[in-house]
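> Provided below for reference: sequence and predicted model.
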Amino acid sequence: MSSIAEPIPMAAHRAGRLSGQAQVPGDKSISHRSLILGALAVGETRILGLLEGEDVLATASAMRAFGAEVTRHGDGEWSVHGVGVGGFAEPEDVIDCGNSGTGARLLMGAMATTSITATFTGDSSLRGRPMGRITDPLVLFGARAVGRTGGRLPMTLVGAADPVPVRYTLPVASAQVKSAVLLAGLNAMGQTVVIEKEATRDHTERMLRGFGAEVTVEQTETGRTITLTGYPELSPRNIAVPRDPSSAAFPVCAALISEGSEILVPAVGMNPTRTGLYVTLAEMGANLEFENESDEGGEPVADLRARFSPGLKGVEVPPERAASMIDEYPILAVVAAFAEGRTVMRGVGELRVKESDRIDAMAKGLEANGVDVEEERDTLTVHGRGAGGLPGGARAETRLDHRIAMSFLVAGMAAKKPVSVDDARPIVTSFPSFELLMTGLGASLVNLRE
């Protein structure tokens, strides 16, 4: 979270056409993993395009606390001198992960099989999120965890002195849990196996291979099975971080619902485990084009062009797609409000344990702005008002959630009346350039505190 103590209320006004290039920041998931794997390698890893949001900066600080040398050389250009697998030092102080669930969970996995002790905490939002889903498999390696009631932060993790490999079937589709187990498996002799019934984002598997780990993936009767051989010597590498498809979703969706708009987002990551939103938007009739497709460090990328799409139609989003777009449902709900007919998002119960209860937050905010919404435990249904039909005029609570804040500001860019949020501070955790980028495209954003 931002160090500014007071909330920053902000409003978005209908400003008409958006145009230009949207230079969105580097991928958050890959940025976290670049720092952690760089710290676990032997030698210097160079990173270009690192996301410098508060979430990732917290992970950089944590890597320093564990003994790695992490240096910023310029805008998005960083280096990490790693300490090797099993080489983490015991931190002298509490590890503060801020608002980052990804950072906290991956860091726990990375240290769980080293014989050190660390205490993790975060902001009020992160301290309310469940960590038992991470510590349960880490305990199987031989680690011990002590936290607040319900497995919540602050939490102290005692790393395993003699770690053993595990075979673990994910109880929920979670790339964070999968990644934590794989990172823990690096310092356990033998083979660690993770089985996921539904495929989740696979950045960790791809990057582990890139750093020299032996990782195999196969589809079996029990699900997608990832096998990691422990005790590798990870080699440093040069990483060019693709632009974040989750961040790109905001200017892209703003263009789709704002009359006359056309924008280009260059070099966006197009990993197939992350593109569920764009598949869904295409089904709704969105005018999207993918240009200059290429490969960047093992990750597919493309330039993404988005144009105003007045004929959007409501769709049913199947539950099996949730893992590939779990962070994009809030902005999809906004697009659905500008579509004709009903959009039903099923199998999204995981949204209730993100930075906020995103199902409830989106439902309440949309209802306040004149949209009919049905909220169930793991389903969100939005009854669209058609192009330009969102009434707006109300304030939405962000609940310390960056994606809720950005989603409602995008809504205001095309609504009949301005839409405001009670606090825009959380945006800096993942997209610090959001306000500047969107106003550069032609959006009208007003800081109501000034």
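Yep, that arrived.
> for residue 243, see how far away residue 72 is.
Applying Cβ to Cβ, to the nearest Å, the value for residue 72 to residue 243 is 19 Å. C-beta coordinates here come from the backbone N, C-alpha and C atoms, glycine included.
> typed the wrong thing, it's residue 284
Counting by Cβ to Cβ, the gap from residue 284 to residue 243 is 23 Å.
> residue 72 and residue 243: which is more packed in?
Between residue 72 and residue 243, counting by other Cβ atoms under 10 Å, residue 243 is the more crowded of the two (23 against 14).
> tell me if I'm right that that one and residue 28 touch.
No. Look at residue 243 against residue 28 with Cβ atoms under 8 Å: they stay out of range, at 10.6 Å.
> and the closest residue to residue 320 other than its chain neighbours, how many residues sit next to it?
Take residue 320 and drop its neighbours on the chain: the residue closest to it by Cβ to Cβ, 6 or more residues apart in numbering is residue 198, 6.1 Å away. The number of residues packed near residue 198 is 17, by other Cβ under 10 Å.
> begin at 599, not 1, for the rest of this chat.
Got it, the first residue is 599 from now on, which makes the last one we talked about residue 796.
> what are the phi and psi angles of residue 796?
The phi/psi pair for residue 796 (degrees, to the nearest 10) reads phi -120, psi 130.
> distance check, it against residue 924.
Going from residue 796 to residue 924 by Cβ to Cβ gives 11 Å.
> cool, and residue 882?
18 Å.
> what does residue 1046 give?
Relative to residue 924, and taking Cβ to Cβ, residue 1046 is found at 30 Å.
> one more: residue 1032?
For residue 1032, the distance to residue 924 - Cβ to Cβ - is 20 Å.
> just give the closest residue to residue 1006, not the sequence neighbours.
residue 994 (4.2 Å).
> burial measure for the one you found, as a count.
Using other Cβ under 10 Å, residue 994 is surrounded by 24 other residues.
> and residue 750, by the same measure?
Around residue 750 there are 16 residues (other Cβ under 10 Å).
> which residues are in contact with it?
725, 726, 727, 728, 729 (Cβ atoms under 8 Å, 6 or more residues apart in numbering).
> residues in a beta bridge with it, which ones?
With DSSP bridges as the criterion, residue 750 is bridged to residue 746.
> how much space separates it from residue 720?
10 Å.
> can you check residue 845 too?
21 Å.
> number of residues surrounding residue 906?
A count of nearby residues for residue 906, using other Cβ under 10 Å, gives 20.
> show the backbone phi and psi for it.
phi -50, psi 130.
> verify the contact between it and residue 858 for me.
Yes. Under the criterion of Cβ under 8 Å, residue 906 is in contact with residue 858, at a separation of 5.7 Å.
> list the residues that contact the residue lying farthest from the centre of the chain.
Of all residues in the chain, residue 760 sits farthest from the chain's C-alpha centroid, using Cα atoms, centre = their mean; the distance is 32.6 Å. By Cβ under 8 Å, 6+ apart, the contact list for residue 760 reads residue 740.
> let's verify it: helix, strand, or coil?
Here residue 760 is coil, with the state taken from DSSP: H, G, I helix; E, B strand; the rest coil.
> and the closest residue to residue 707 other than its chain neighbours, how far is that from residue 954?
Nearest non-adjacent residue to residue 707, counting by Cβ to Cβ, 6+ apart: residue 778, 2.9 Å away. Counting by Cβ to Cβ, the separation of residue 778 from residue 954 is 22 Å.
> the more surrounded of those two?
A side-by-side neighbour count of residue 778 and residue 954, using other Cβ under 10 Å, places residue 778 first with 27 against 24.
> I'd assumed residue 704 was in contact with the more buried one.
Yes. Using Cβ under 8 Å, residue 778 and residue 704 qualify as a contacting pair, with a distance of 5.9 Å.
> so what's the residue nearest to residue 918 scoring on pLDDT?
Predicted confidence (pLDDT) for residue 796: 89.
> same question for residue 601.
We have a pLDDT of 43 for residue 601.
> now the helices for the stretch 949-1048 of the chain?
Taking DSSP state H, counting those that start in this stretch, the helices of the stretch 949-1048 of the chain run over residues 956-966, 1000-1010, 1032-1039.
> got it, and the chain?
With helices called from DSSP state H, the chain shows them at 626-638, 652-663, 699-709, 722-725, 730-739, 773-783, 801-808, 843-855, 874-882, 927-935, 956-966, 1000-1010, 1032-1039.
> residue 862: which of the ones you listed is closest?
With Cβ to Cβ as the criterion, residue 862 lies closest to helix 843-855 of the helices of the chain, at 9.5 Å.
> show me what contacts the residue nearest to residue 705 when sequence neighbours are not counted?
Leaving aside its chain neighbours, residue 705 sits nearest to residue 660 (5.4 Å; criterion: Cβ to Cβ, 6+ apart). Residues in contact with residue 660 (Cβ under 8 Å, 6+ apart) are 689, 693, 695, 701, 705.
> next: residue 714.
If you count contacts by Cβ under 8 Å, 6+ apart, then residue 714 has 686, 687, 688, 689, 757 around it.
> which among those count as buried?
686, 689, 757 (16 or more other Cβ atoms under 10 Å).
> how about the residues you listed in JSON lines, adding distance to residue 638 and pLDDT?
Below are the buried ones among the contacts of residue 714 laid out as JSON lines (distance: Cβ to Cβ, whole Å; pLDDT from 0 to 100):
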{"residue": "686", "distance to residue 638": "8", "pLDDT": "98"}
{"residue": "689", "distance to residue 638": "16", "pLDDT": "98"}
{"residue": "757", "distance to residue 638": "14", "pLDDT": "98"}
